[in-house]
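> Requesting a structural model of the entry that follows:
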Amino acid sequence: MKKAVMLLLNGETLPQLFITIVRYVLPSEDHTVQKLLLLYLEIIDKTDSKGKILPEMILICQNLRNNLQHPNEYIRGVTLRFLCRLNETEIIEPLIPSILANLEHRHPFIRRNAILAVMAIYKLPQGEQLLVDAPEMIEKVLSTEADQSAKRNAFLMLFTCAQDRAVNYLLTHVDRVSEWGELLQMVVLELIRKVCRANKGEKGKYIKIIISLLNVPSAAVIYECAGTLVALSSAPTAIRAAANTYCQLLLSQSDNNVKLIVLDRLNELKSAHREIMVDMIMDVLRALSSPNHDIRRKTLDIVLDLITPRNINEVVLTLKKEVVKTQSGELEKDGEYRQMLIQAIHSCAIKFPEVASTVVHLLMDFLGDSNVASAMDVAVFVREIIETNPKLRVSIITRLLDTFYQIRSARVCSCALWIISEYCLSLSEVESGIATIKQCLGDLPFYLASEEGDTNDSSKKSQQVNSITVSSKRPAILADGTYATQSAASETAFSPPTVVQGTLTSGNLRSLLLTGDFFLGAVVACTLTKLVLRLAEVQPSKSEVNKASTQVLLIIVSMLQLGQSSFLPHPIDNDSYDRIVLCIRLLCNPGEEIKKIWLQSCRESFVQMLADKQMRETEELKAKAQVSHAQPDDLIDFYHLKSRKGMSQLELEDQVQDDLKRATGEFIKEGDAANKLNRILQLTGFSDPVYAEAYVTVNHYDIVLDVTVINRTKETLQNLCLELATMGDLKLVERPQNYTLAPESSKQIKANIKVSSTETGVIFGNIVYETSNVLERTVIVLNDIHIDIMDYISPAVCSDAAFRTMWAEFEWENKVAVNTVIQDEKEFLDHIIKSTNMKCLTAPSALEGDCGFLAANLYAKSVFGEDALVNLSIEKQGDAEGRRCRLIFVPFDWIGLVWILMENIEKNKGEEGRRRIFGFGVWRLFRNDE
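Have a look, this model is predicted:
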């Protein structure tokens, strides 16, 4: 039987097997055999080519009647379930008395399946003639039934087939709804949604039922209640009740997937009802107790959008407590969580500068964190706060100088040294800055001649190894998009950062320099040079200035000697050498213009960068703002003047909100007809006997094809089937069904397709049907449907540090040439952004001017968590007509995305322009979960 079922599922007919099964399998008492027999009977064809029932099918009717009267409950139940999937009325009609008799069986398993069978029969085209009084019978069963599953099935039958009876039953027993079982309550909520969509005026009495269900113990029911409340009502009371419910679920449920889903719902509430969610911010923050980082990240994202001057102090206090908890080191990913908290506090301090003083000193304790990313975020935060909060500068500099020796990372040291060089302004601060750096560098010289001789052999070996490494280095792309050959020192930016233990006895700067980090040595030289130049301005004694200058020169020369010696595995790189030599020349011969550049211009550039960043954030907030300020002619609502008509406060609020929505046009669905027409795809030709077209609806994780099939012939088409297949990461959810199509009639067929990634996907297939005149099946090949991944990619934002970290993941490049005739570089950049649905991370100020060259970083994120990184570098050449742009792609493991992006660029390219343009871009695309 199993083999027969498998063969039938694979398309075999096996007509000769039926009589054998009737003779030998039908009488079997084995439960497994009987189950397989019912599966076999469900699959086989029960009608002939003209749609009439086959004569031999009458043989199974007596067996089905016997099963419906069988003393074993399992046999009765599975037979009733089988009848739910039977569509032939000739077979069902003789069995109706036996089915109705099972409605009163003593066992609930049989009763619940009998109700489902009655519902399935009543829904057939001739069902109302077969079971005329089915709704009345089921209503009687519902009033006397004690089993919760059977009551749910009975109510579902009324809801599906006789909605008025279901509504009357619900309103009659409205006081007992909260006592019903979970399954029945879920059907009640579905009924309420359906009724309220059809008749919005009756929402008030149903919303009371929903609110009464918010106190039931079932988590699934209260989640659906909250979603139903949000969908049906905009009243503040209803939205607040839904938000409270979501917050309770967030804390009570242990499943991380449930928490993530609830956070998504809270995020939607935040977008539509921000003023209500602001009051719930502390309840949402309690989700930080979860150890899952995805939950913590989503929670912080929601909270940061709900911060107001009223709640900022509470939020920052909570975040500070969480930062202190991460110091225990009990969990493996405490450093990553600390980094998230630091970034959140940074955002709070930027929005509300008055809270910076309460957090900056606490966070400075983490400058020496072993997690380099976390420590770097603290350094960036301190750098921004010290500029935007002048009152905190003295205390920050003092604290920084006291804790500088604890810093373990070269990157963090570089940022801290820049802060010291720019914001040590008074005489005491400058002297303390020089003394701190000298202490961290330790005693001079950095090595002894005897040590150099002892390390000659080992250094030669390491230099040989290093020379091999350097010779195999690939070109690196810099922050501005240009290429450069990486030296040994610059390669450290792409390798794990060097971390050393800093102590008072052996300075952290000395330890880092002895590892060969001469970029840090150049930063130290520049910092000491700036401090000496500033000392000359604030120190009246020239002898003290000369003394400090001499000591700094000695330190800088010692670093040069260290770099040129064989004491280290590799020598100093040329860039660092030139920078250090420039510092020596400047100290020996300082000029006023040079002083101005070193002491003022650098800081002015930083201030300009912060101003640009603030301006971009302000513009984005304005663009996202949906609630406009009150205008002089805005509507003023007087609740007390509105006729109550016995309505509760909730009903009154809901009606007022509906009136406002009608007045503002919010009930009008967005989207024009032209946009919908763009999603209609023709699948067959106009001359084909069957015409088909599909309307494609793209959701986040699935695609719905609404296919319209039209029979253009004068014959009835039987067993018409829409057979679909997919390529790529697409998967059909349901197997195709057979339909009968009358002459010149149409049929709507829906197909659901799951999407698992943004890899290119193609849907193809056939329409297969039979006619009474032709014995063979007719096949019509459909046009292919190409899935546009632009529906899954959305512009996103990430920090420069995160961009460069992701950028360094891959090693190989694939060059693809693209021709374009667009004349202006910025116009071409806008064209790329529009075609690929990405966001430009490069500041507008960096793209200003006309120098014939443009470099920009672009970033986007897919709904599946995949990141797309692009660096576009364009060089203008006006020596020929036309333009040519060469793009260099670097994908991870899904090259299809690259080619589809290229197709979008080619499809949307401009048609104007005469000068030639040459450029290249580097694309890096990868999944962030791999």
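
> Can you list the low-confidence ranges for the stretch 501-650 of the chain?
501-507, 623-650 (pLDDT under 70).

> Where do the helices of it begin and end?
Applying DSSP state H, counting those that start in this stretch to the stretch 501-650 of the chain gives helices spanning 508-513, 518-538, 542-564, 574-588, 592-596, 602-624, 649-664.

> looking at those helices, which is closest to residue 109?
Closest approach to residue 109 among the helices of the stretch 501-650 of the chain is made by helix 649-664 (41.1 Å; C-beta to C-beta). Placement of C-beta: from N, CA and C, glycine included.

> ok, back up a step: the helices of the stretch 501-650 of the chain: which one's closest to residue 404?
Set against residue 404 and scored by C-beta to C-beta, these come closest in helix 508-513, at 8.0 Å.

> Indicate which one of the helices of the stretch 501-650 of the chain is closest to residue 342.
In terms of C-beta to C-beta, the element of the helices of the stretch 501-650 of the chain nearest to residue 342 is helix 602-624, at 17.6 Å.

> so what strands line up beside the helix or strand harbouring residue 704?
Assigned by DSSP states H and E, residue 704 belongs to strand 702-711. Counting by DSSP bridges, the strands paired with strand 702-711 are strand 690-698 (antiparallel), strand 746-755 (antiparallel).

> Please report how far the closest residue to residue 790 other than its chain neighbours lies from residue 870.
The shortest distance from residue 790 to any non-neighbouring residue, by C-beta to C-beta, 6 or more residues apart in numbering, is to residue 837 (5.1 Å). Distance of residue 837 to residue 870, computed by C-beta to C-beta, to the nearest Å: 11 Å.

> would CSV of the helices of the stretch 501-650 of the chain with mean neighbour count be doable?
Listed next are the helices of the stretch 501-650 of the chain as CSV, based on neighbours: other C-beta atoms under 10 Å:
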stretch, mean neighbour count
helix 508-513, 23
helix 518-538, 23
helix 542-564, 16
helix 574-588, 16
helix 592-596, 11
helix 602-624, 12
helix 649-664, 16
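
> how about TSV for those helices, with distance to residue 191 added?
Shown next, in TSV, are the helices of the stretch 501-650 of the chain (distance: least, C-beta to C-beta, whole Å):
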stretch	distance to residue 191
helix 508-513	69
helix 518-538	69
helix 542-564	79
helix 574-588	73
helix 592-596	77
helix 602-624	37
helix 649-664	19
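
> Could you list the low-pLDDT ranges of the stretch 801-930 of the chain?
Applying pLDDT under 70 to the stretch 801-930 of the chain flags the ranges 809-820, 865, 876-930.

> ok, residue 590 touching residue 535?
No - taking C-beta atoms under 8 Å as the definition, residue 590 is not a contact partner of residue 535, at 11.4 Å.

> So for residue 524, which of the strands paired with strand 702-711 sits nearest?
Across the strands paired with strand 702-711, closest to residue 524 is strand 746-755 (C-beta to C-beta), at 52.8 Å.

> Beyond that closest one, next helix or strand please.
strand 762-770.

> Let me know the next secondary structure element after that next one.
That would be, after strand 762-770 and using DSSP H and E, strand 778-781.

> Using neighbour counts, pick out the buried residues of that next one.
Within strand 778-781, the residues scored as buried using 16 or more other C-beta atoms under 10 Å are residue 780.

> The next helix or strand after it pairs with which strands?
For strand 778-781, the succeeding helix or strand toward the C-terminus, using DSSP H and E, is strand 785-786. Under the criterion DSSP bridges, strand 785-786 sits next to strand 762-770 (antiparallel) in its sheet.
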